[in-house]
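Asker: Here's my sequence, what's the structure:
(one chain, ligands or ions: 1)
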Amino acid sequence: MIGDVQVRNRGTIGGSIAHADPGADFPVILTALNASFVLQSTSGSRTVAADDFFIDFYTTAMAANEVLTEIRVPLPTAGSGTAYVKLPHPASGYVVVSAGALIARQPSGSCALARVALGGLGSGPIRAMATETELQGKPLTPEVIAAAAAKAAEGDGPGGRHLRERGIQAPRSDRLCAAGDRSGSETGGEFKAVLVMRDRARLLSRTRTTDTNTIVF
Ligand SMILES: Cc1cc2nc3c(=O)[nH]c(=O)nc-3n(C[C@H](O)[C@H](O)[C@H](O)COP(=O)(O)OP(=O)(O)OC[C@H]3O[C@@H](n4cnc5c(N)ncnc54)[C@H](O)[C@@H]3O)c2cc1C
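Answerer: All right, here's what the predicted structure looks like:
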């Protein structure tokens, strides 16, 4: 749930993306979905992938004379599932921590593609690339998912350095929870699509107020 009635009715996805609030939902969702953004200026248009768009806190790859005119989201292949979960701040509803996942499953049940983005942990969406690699090509068993989730803090890509700089360590797998199980619904098979980590989120929200910014699981 995003915002109150007014925000939900009048706020735009484009405005959210252009604003690039590190606590916003859409940047994480669109990064997980491998979206790209069309930017228009008087000298022409260009398309920037979500991975390259979010540069820093409230800072994007858009130049001052560009306007975001389109958001392109590739159609997920058959057998794909998506999930987005967030731990909202109790007062504002904004993200404390969030995770978006796109998982494509082969007919055999193994993972054909995984894109996982985390929010609230850095200056923008963070691709959990080590998690994605861990899932790739493997059967999506609870053990495989737990091993992949344990790699969530090794995220590289946009904002990933913030995790390392803040000394965030990998969570223990028994403290992870699944973010979604939607992609198996067409086939009836159980399919836990990735992570993350309510316990970790609570720890993060507490440690944010300390001077160490270090989380120990
Ligand atoms: C009470 C409240 C609760 C909220 N809760 C949440 C929440 O839970 N989760 C969440 O993700 N967000 C939340 N939001 C943020 C909300 O989603 C954004 O404010 C909204 O999506 C912004 O859209 P807008 O169209 O109003 O953008 P604006 O506020 O009009 O624009 C935002 C910025 O982007 C620029 N901009 C807008 N459109 C474009 C464009 N097409 N090209 C280039 N630049 C552009 C504007 O110049 C401005 O600088 C909340 C906001 C409020 C007020």
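Asker: Tell me how far residue 38 lies from the ligand.
Answerer: Summarising the geometry, the distance separating residue 38 from the ligand, computed by Cβ to the nearest ligand atom, to the nearest Å, is 10 Å. Using the backbone N, CA and C atoms, a C-beta is placed for each residue, glycine as well.
Asker: wait, what's in contact with residue 24?
Answerer: Contacts of residue 24 were listed using Cβ atoms under 8 Å, 6 or more residues apart in numbering, and they are 16, 94, 95, 119.
Asker: Could you dump these into TSV with distance to the ligand and pLDDT added?
Answerer: Output for the contacts of residue 24, formatted as TSV (distance: Cβ to the nearest ligand atom, whole Å; pLDDT from 0 to 100):
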residue	distance to the ligand	pLDDT
16	3	95
94	5	83
95	7	82
119	9	86
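Asker: Now render the residues you listed as TSV, adding neighbour count and distance to residue 147.
Answerer: Output for those, formatted as TSV (neighbours: other Cβ atoms under 10 Å; distance: Cβ to Cβ, whole Å):
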residue	neighbour count	distance to residue 147
16	19	33
94	18	31
95	23	26
119	29	22
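Asker: Around the ligand, pick out the residues from the chain.
Answerer: Contact residues (Cβ under 6 Å from any ligand atom) of the chain with the ligand: 2-4, 7, 11-12, 14-16, 18-19, 24-26, 67-68, 93-94.
Asker: Which ones among those residues map onto strands?
Answerer: With strands taken from DSSP state E, the overlap with the residues of the chain next to the ligand comprises 67, 68.
Asker: Quick one, which of the residues of the chain next to the ligand are buried?
Answerer: With burial judged by 16 or more other Cβ atoms under 10 Å, the buried subset of those is 16, 18, 24, 25, 26, 68, 94.
Asker: you'd agree residue 74 is up against residue 34?
Answerer: Yes: counting by Cβ atoms under 8 Å, residue 74 sits close enough to residue 34 to count as a contact (5.8 Å).
Asker: Between the two, which has more neighbouring residues?
Answerer: For residue 74 versus residue 34, the count of surrounding residues by other Cβ atoms under 10 Å is larger for residue 34: 17 against 10.
Asker: Give the rounded mean pLDDT of whichever strand or helix holds residue 147.
Answerer: For residue 147, the enclosing helix or strand under DSSP states H and E is helix 142-149. Rounded to a whole number, the mean pLDDT of helix 142-149 is 78.
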